[in-house]
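K.L.:
Please find the sequence and the predicted model below.
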Amino acid sequence: MEYLEYFKRFPDAYARIVKSLNRIETLSQYLRSSGFLDEAASVLSIGCGDGAVEIRLAHEMGFSLGVVEPAAEYMESCRKRAKRAGIELREAHQETLQDYNSPFRYDVVLSLYSWFAF
């Protein structure tokens, strides 16, 4: 099943799966403490969802952020979240990874939630 078809058929599945998880705090804390992002000036998130973790870290750590998300609802949420946080997204593409082609280079590429989608 195509990624976008999955979300059309089961729009609340992802929300139900992660509802009980404090994914934002858990992932943010892990990525901060790992040192993985310490030297990163730029980060690309593939399958960013609503961008909660990535935007939080961009705000705290000061790196520029690019995002790719095929689902329109998540991309819209990500853009709104970035705006509220005062984060200007380096690039924001609503498309699949297969269709994505960036003119930018990134220090770090994250795929926090999309292991099953691409």
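P.N.:
In hand now; what should we look at? Residues are numbered from 1 along each chain as shown.
K.L.:
Contacts for the helix or strand containing Glu73, please.
P.N.:
In this structure, Glu73 sits in helix 72-85 according to DSSP states H and E. Contacting residues not belonging to helix 72-85 are listed as 7, 11, 48-52, 55-56, 58-59, 65, 67, 69, 88-89, 92, 94 [CB atoms under 8 Å, 6 or more residues apart in numbering]. For glycine as for every other residue, the C-beta is placed from the backbone atoms N, C-alpha and C.
K.L.:
hmm, which of those are the buried ones?
P.N.:
Buried members of the contacts of helix 72-85, counted by 16 or more other CB atoms under 10 Å: 7, 48-52, 55-56, 58, 65, 67, 69, 89, 92, 94.
K.L.:
Which member of these is positioned nearest Tyr113?
P.N.:
Using CB to CB, Gly49 comes nearest to Tyr113 of the buried ones among the contacts of helix 72-85, at 5.4 Å.
K.L.:
ok, for that closest one, nearest residue in space, not its chain neighbours?
P.N.:
Tyr74 (4.8 Å; CB to CB, 6 or more residues apart in numbering).
K.L.:
Equivalent analysis for Tyr106, please.
P.N.:
Nearest to Tyr106 is Leu44, by CB to CB, 6+ apart, at 4.1 Å.
K.L.:
For the one you found, give me its contacts.
P.N.:
If you count contacts by CB under 8 Å, 6+ apart, then Leu44 has Leu65, Gly66, Val67, Val68, Ser102, Phe104, Tyr106, Val108, Val109, Leu110 around it.
K.L.:
same thing but 7 Å
P.N.:
Each residue near Leu44 by CB atoms under 7 Å, 6 or more residues apart in numbering is listed here: Gly66, Tyr106, Val109.
K.L.:
can you put those in CSV and add neighbour count, distance to Ser28 and secondary structure?
P.N.:
Formatted as CSV, the contacts of Leu44 follow (neighbours: other CB atoms under 10 Å; distance: CB to CB, whole Å; DSSP: H, G, I helix; E, B strand; the rest coil):
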residue, neighbour count, distance to Ser28, secondary structure
Gly66, 21, 18, strand
Tyr106, 19, 19, coil
Val109, 12, 17, strand
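K.L.:
Present those as TSV; the columns should include distance to Ala40 and pLDDT.
P.N.:
Formatted as TSV, the contacts of Leu44 follow (distance: CB to CB, whole Å; pLDDT from 0 to 100):
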residue	distance to Ala40	pLDDT
Gly66	12	98
Tyr106	8	97
Val109	10	94
